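Engineer: Here is a sequence together with a model predicted from it:
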Amino acid sequence: MKKIFMLALFVIMSVSFLAACNEKTDKKAEANLDNLNLDGMPIVKEEIELKMFAPKRFASQNWNDIKIWNEYENMTNIKVKWENVDRDNLAEKRNILLAGGDYPDVLFGNGLTVNDLMKYGKQEDFMALNDLIDQYAPNFKALLEQYPEVEKAITMPDGNIYSFPTITDPEFKAMLEGSFMWLKEEWLKELGLEEPETTEEMYQLLKAIKENYPDAIPMGGGPGIDAYLIPFFKGAWGLGNRGASHPYVDVDPETDELRFIPTAPRYKEMLEYLNKIYEDGLIDKDFFTANADQVIAKGSQGIYGVLPDYNPEAVYSNLTGYIGGKALKGPHGDQLYAHIGSPIGSVGQFVITKDNPNPEATVRWVDYLYSDEGSKMFFMGFEDETYVENEDGTLDYTDEIKNHPDGLTQDQAVGEYLVWPGVGYPGILKQDYFKGSEGKPSSIEASEKVDPFIPEEIWPPFNYTIEELEEMNALRNDIETYINEMNAKFITGARSLDEWDDYVAQFDKMKLEKYMEIYNDAYERYNKQ
């Protein structure tokens with residue numbers, strides 16, 4: 001009887017203790033809400049402090065004492081205590097942090113994967129943001145309503161949103177396209193040739209460069225054929241009709257079903273074309289093996305006639321004299337610019353953890369970065385200090401930023417005031433305010449040439465369940481490694497395209513059917529959202 005009494009007493013005391021704890025938590029949450037301003041600045045009446053974990057690019061930066069965050073603290077009344085790690089060590093340091101369970105209030109600019117978001121969201125270590133966005137993020141909510149594809153991309157299979165992303169304004173096409181097929185304008189004029197509009201005209205241009213400029217390399221550039229060569233040509237064979245986020249899968253226009261691009265008959269035709277260019281000595285032999293530093297060293301000499309890459313002015317030591325090429329028309333009449341990404345640059349750029357006592361204020365803090373004024377402040381900084389307004393109303397960095405007296409690069413000079421160069425971040429990139437390589441006038445002009453030929457529908461990356469991800473990651477690694485290896489072998493002639501049937505058959509052994517089944521399930525979920 002005594003044991004029963006003691007057990008009952010223990011239960012009563014436990015319930016009372018939990019009730020007291022819950023009451024205390026509720027009162028604290030209520031006090032935090034009372035301290036919150038629902039609109040305008042400051043965000044909170046009495047100062048609060050948040051702890052954020054973020055990567056940084058420059059060792060000299062101190063995010064706890066840098067212009068952008070000092071000014072934003074004054075605006076919001078929210079003091080952020082930053083814990084920074086070098087961007088190259090971000091994944092390792094973050095994994096240690098997450099494994100330890102002692103979370104900061106926010107993971108800022110971490111580029112968390114869907115796998116991370118699903119895993120820690122399911123464990124409730126990361127907060128579901130759906131209701132918080134609805135109530136406290138008017139700028140971000142407006143973007144989701146304006147661009148439904150963004151909401152689809154950030155909504156996980158369980159229906160929750162666990163992070164704020166990087167968004168590119170869909171009107172900022174040069175950013176979505178990123179890199180172009182750059183042509184050396186001087187050589188075009190000297191050869192008396194127009195910009196090539198077809199794959200055959202491109203071949204003739206490359207051939208003319210080789211014949212007339214013996215020290216030149218007709219085509220070369222960014223390292224990796226799968227990133228800087230194939231994406232520029234496959235649209236000429238009607239491939240890649242859902243954009244660059246899905247390099248191996250699109251929709252077959254004849255069946256309206258998913259198509260695995262690397263086994264399509266027209267993919268073989270494209271490889272035959274690229275093999276011909278290679279065999280005729282029109283592509284840099286180092287295209288397949290060089291690293292980025294080697295490519296930049298060679299490209300900076302101006303010896304490439306055709307240069308598939310990001311803007312040469314930014315990548316190749318201010319290399320000028322190149323103009324963006326057109327979307328090429330292929331042998332079947334296809335003229336598609338497939339090398340364009342979705343407005344979602346990265347999904348997991350701002351995560352609120354379970355330990356954050358002020359999620360409402362935190363959401364208001366990040367929401368400002370999705371406003372026009374917030375985007376201008378984040379990327380351009382402060383008028384007359386980091387930027388000036390031109391007579392036509394456009395903005396530009398100050399002369400000191402662009403031509404720093406101590407010889408700093410533009411990114412380094414910007415990094416003395418702002419934090420965006422070289423790292424991830426939440427927010428929206430707009431053409432008016434982003435002055436990286438994609439915002440240069442030559443990039444905008446290049447973009448305008450290919451814009452009429454971009455796909456009608458551009459998919460963001462699809463989201464998978466945890467179970468799908470585990471299986472998909474294993475399949476994807478084997479399948480995509482095989483694709484990359486065989487692309488190089490077919491183009492260089494190390495393997496004959498007469499062996500195409502054997503190449504296609506190998507995918508069956510690698511469980512391509514299962515790969516496509518999982519892909520299709522994710523695709524159907526995306527369509528139903």
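Structural biologist: Perfect, thanks for sending it.

Engineer: Surely Ile404 is in a helix?
Structural biologist: I think there's a mix-up here, since residue 404 is His and not Ile. No - read with DSSP: H, G, I helix; E, B strand; the rest coil, His404 is coil and lies in no helix.

Engineer: Distance of it relative to Trp69?
Structural biologist: 22 Å (CB to CB, to the nearest Å). Any C-beta I mention is one placed from the backbone N, CA and C, and that applies to glycine too.

Engineer: Show the model's pLDDT score for Ala314.
Structural biologist: Model confidence at Ala314, expressed as pLDDT, equals 82.

Engineer: swap in Met13?
Structural biologist: So, for Met13, pLDDT stands at 54.

Engineer: show me where the protein has strands.
Structural biologist: For the chain, the strands defined by DSSP state E occupy 48-56, 78-86, 106-112, 164-168, 180-184, 217-219, 249-251, 258-260, 304-309, 322-324, 344-352, 387-389, 395-397, 427-429.

Engineer: Partner strands of the fourth one and their direction?
Structural biologist: Read that as strand 164-168. Using DSSP bridges, the strands paired with strand 164-168 are strand 344-352 (antiparallel), strand 427-429 (parallel).

Engineer: Mind putting the strands of the chain into a markdown table with mean pLDDT, distance to Gln335 and mean neighbour count?
Structural biologist: Converted to a markdown table, the strands of the chain look like this (pLDDT from 0 to 100; distance: least, CB to CB, whole Å; neighbours: other CB atoms under 10 Å):
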| stretch | mean pLDDT | distance to Gln335 | mean neighbour count |
| --- | --- | --- | --- |
| strand 48-56 | 98 | 40 | 20 |
| strand 78-86 | 98 | 44 | 17 |
| strand 106-112 | 98 | 34 | 25 |
| strand 164-168 | 97 | 24 | 25 |
| strand 180-184 | 97 | 13 | 27 |
| strand 217-219 | 96 | 20 | 25 |
| strand 249-251 | 98 | 16 | 20 |
| strand 258-260 | 99 | 19 | 19 |
| strand 304-309 | 95 | 17 | 26 |
| strand 322-324 | 97 | 16 | 21 |
| strand 344-352 | 95 | 26 | 24 |
| strand 387-389 | 97 | 39 | 16 |
| strand 395-397 | 95 | 35 | 16 |
| strand 427-429 | 97 | 28 | 25 |
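
Engineer: Out of those strands, the one nearest Thr481 is which?
Structural biologist: strand 258-260 (15.4 Å; CB to CB).

Engineer: And the contacts of that closest one?
Structural biologist: Contact with strand 258-260 is made by Tyr248, Val249, Asp250, Val251, Asp252, Phe507, Leu512, Met516, Tyr519, Asn520, Tyr523, as judged by CB atoms under 8 Å, 6 or more residues apart in numbering.

Engineer: Out of the residues you listed, which comes closest to Leu129?
Structural biologist: Tyr523 (24.6 Å).

Engineer: wait, doesn't that closest one sit right on Phe462?
Structural biologist: Yes - assessed by CB atoms under 8 Å, Tyr523 is found in contact with Phe462 at 6.3 Å.

Engineer: the more surrounded of those two?
Structural biologist: Phe462 (23 against 19; other CB atoms under 10 Å).

Engineer: I'd say Ala494 and Met486 touch.
Structural biologist: No - applying CB under 8 Å as the test, Ala494 and Met486 come out as separate, 9.5 Å apart.

Engineer: okay, these two: which has more neighbours?
Structural biologist: Met486 (18 against 11).

Engineer: Report whether the expected contact of that one with Tyr503 is present.
Structural biologist: Yes - the criterion here is CB under 8 Å, and Met486 meets it with Tyr503 at 5.8 Å.

Engineer: coming back round to it: quick one, which of the strands paired with strand 164-168 is nearest to Ala236?
Structural biologist: strand 344-352 (26.3 Å).

Engineer: Low-confidence bits of the chain, can you list those?
Structural biologist: Along the chain, the model assigns pLDDT under 70 to residues 1-29.
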